[in-house]
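Colleague: Provided below for reference: sequence and predicted model.
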Amino acid sequence: MSSPRPSPRVTPRPARKPPASPIPPGSVSSSVRTMMETIVGVGDMVLLDDITEESCLDNLKNRFKADEIYSYIGPVVVSLNPYAKIDIYTPELAMEYQGRNQYELKPHIYALADDAYRSMRDKGKDQCVIITGESGAGKTEAS
């Protein structure tokens, strides 16, 4: 029987603010930023030209550097723990994802949650969301 792997030492990063919105104030919603308007890398990795381990990791790394911690692989949400406080869990942001198409806004756990809720409500079918990861990976924050 092997012994458990030690957790990597991680130095917390300082808190960061999300990038400013390119939508002018007073427009439809200056706080709503669609995936195409603020895209960093590829939001849904099924759209990568060459789907390899290297291209997926490069995409995740580029998005992570821009504080884009969520990416899709089709209906799956990949979440990277930023080890810093990022202002992406507000009630206002949760409201923006309600009733939206998954690809209308940037990838976010709120999109997955709203899609599961609407499928349950509209189709009357049970839903299951699996959140998995190593210790300290951000499972509690995601749930």
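Modeller: The structure has been received and is ready for your questions. Numbering: from 1, shown residues only.
Colleague: need the helices for this structure, in chain order.
Modeller: Ranges of helices in the chain, per DSSP state H, are 53-65, 91-97, 109-123, 139-142.
Colleague: Can you tell me which of those is packed in deepest?
Modeller: Mean neighbour counts were taken over these using mean count of other CB atoms under 10 Å, and the top value, a mean of 16, falls to helix 109-123. C-beta coordinates here come from the backbone N, C-alpha and C atoms, glycine included.
Colleague: got the helices of the chain as JSON lines, with mean pLDDT and distance to residue 85 columns?
Modeller: Conversion of the helices of the chain to JSON lines gives the following (pLDDT from 0 to 100; distance: least, CB to CB, whole Å):
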{"stretch": "helix 53-65", "mean pLDDT": "95", "distance to residue 85": "15"}
{"stretch": "helix 91-97", "mean pLDDT": "95", "distance to residue 85": "14"}
{"stretch": "helix 109-123", "mean pLDDT": "94", "distance to residue 85": "16"}
{"stretch": "helix 139-142", "mean pLDDT": "85", "distance to residue 85": "10"}
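Colleague: And the residue nearest the centre of the chain?
Modeller: A centroid search over the chain (CA atoms, centre = their mean) returns residue 70, at 2.1 Å, as the residue closest to the centre.
Colleague: Would you confirm that that one contacts residue 79?
Modeller: Yes: judged on CB atoms under 8 Å, residue 70 makes contact with residue 79 at a distance of 5.6 Å.
Colleague: Can you pull the residues that touch both of the two?
Modeller: With contacts taken as CB atoms under 8 Å, 6 or more residues apart in numbering, residue 70 and residue 79 have residue 109 as neighbours in common.
Colleague: Please list all residues in contact with the residue nearest to the centre of the chain.
Modeller: Taking CB under 8 Å, 6+ apart, we find residue 70 in contact with 77-79, 106-109.
Colleague: Quick check: of these, which lies closest to residue 137?
Modeller: For these, the minimum distance to residue 137 (CB to CB) is 7.9 Å, reached by residue 79.
Colleague: quick one: the closest one and residue 126, what's the gap?
Modeller: Separation of residue 79 from residue 126 (CB to CB, to the nearest Å) stands at 23 Å.
Colleague: quick one: low-confidence parts of the chain?
Modeller: Counting by pLDDT under 70, the ranges of the chain that qualify are 1-38.
Colleague: All set, thanks.
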